[in-house]
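Undergrad: what's the 3D shape of this:
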Amino acid sequence: IWTALRGGVWRRVHPLSADGMVTGDLDGNGPDDLVIDFGPSFGVWVWMNQARWFQLHVLSPSVMTIGDLDHNGRGDVILSFPGFGIWIWQNNVSWRQLHLLDASHLATGNLDASPGDEVVVDFPGFGIWAFGESSAWMQVRPLSATTILTADLDASGRDNLIIDFHGELAHPIEKNGFN
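TA: Next comes the predicted model:
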């Protein structure tokens, strides 16, 4: 794993290849930290402040993402561990279980007017749901997806939910909780 830092200088971050990587500012100091899933043999590790490594978990997640669910300036790592459900490494200090079911896709973004991000979860067989610190679980769509992303496409200051249903819908979806 390599990174190009200031001036285009390449730096080797780690000699192993990753099964997955996400970035976010876990400690709220400005620069993003790198969270890497090194697979079932090594688990999940964090490269904090481009300086030190620490193991976040011994298990390898099926999917992971980062978002600031409680709007405190620190990224929360959301991971789905097969057979163990969805867990959050919150505020870079403690684990909290978010749901008992496993996720096939995860995304985060500020989808509503409240502060903090929401996590969007695709529960296979149960559809797509969203959860935020200031709201309860809300079903977004009853269908599962092949890809879920968030981005502020319309410059509204709130993220839009982008979902690929892999051809399952041939017409626009009616409006629901996230406008």
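
Undergrad: ok, and for the helix or strand that contains Ala130, which residues are buried?
TA: Here Ala130 sits within strand 127-132, counting by DSSP states H and E. Residues of strand 127-132 classed as buried: Ile128, Trp129, Ala130, Phe131, Gly132 (neighbour count, 16 or more other CB atoms under 10 Å). Every C-beta, even on glycine, is put in place using the N, C-alpha and C of the backbone.

Undergrad: By mean pLDDT, which helix or strand of this protein comes out lowest?
TA: Scoring the helices and strands of the chain by mean pLDDT, DSSP states H and E places strand 135-141 at the bottom, with a mean of 88.

Undergrad: Kindly spell out which helices and strands sit in contact with that strand.
TA: The contact analysis (3 or more CB pairs under 8 Å, 6 or more residues apart in numbering; DSSP states H and E) places strand 135-141 against strand 127-132.

Undergrad: Send me the strand it packs on as CSV with only the CA atoms.
TA: This file holds the C-alpha atoms of strand 127-132, laid out as CSV (Å, rounded to 0.1, in the frame of the first residue of the first chain):
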residue,chain,number,x,y,z
GLY,A,127,-33.8,-3.8,1.9
ILE,A,128,-32.1,-0.6,2.5
TRP,A,129,-32.4,1.2,5.9
ALA,A,130,-30.9,4.4,7.4
PHE,A,131,-29.9,5.2,11.0
GLY,A,132,-28.7,8.4,12.6
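
Undergrad: related to what we said a few turns ago, so the least confident helix or strand of the chain versus strand 127-132, what angle?
TA: Strand 135-141 and strand 127-132 are oriented at 150 degrees to each other (axes from the mean of the first three to the mean of the last three CA atoms, to 10 degrees).

Undergrad: Follow the chain on from strand 135-141 and name the next helix or strand.
TA: Toward the C-terminus, strand 135-141 is succeeded by strand 147-151 as the next helix or strand (DSSP H and E).

Undergrad: per-residue pLDDT, Gly157?
TA: In this prediction, Gly157 carries a pLDDT score of 86.

Undergrad: my hunch is that it is in a helix, does that hold up?
TA: No - under DSSP: H, G, I helix; E, B strand; the rest coil, Gly157 sits outside any helix and is assigned coil.

Undergrad: And stretch 148-157, how far out from the chain middle?
TA: Put simply, stretch 148-157 sits 15 Å off its chain's centre (CA atoms, centre = their mean, to the nearest Å).

Undergrad: What of stretch 63-83?
TA: With CA atoms, centre = their mean, you get 5 Å for stretch 63-83.
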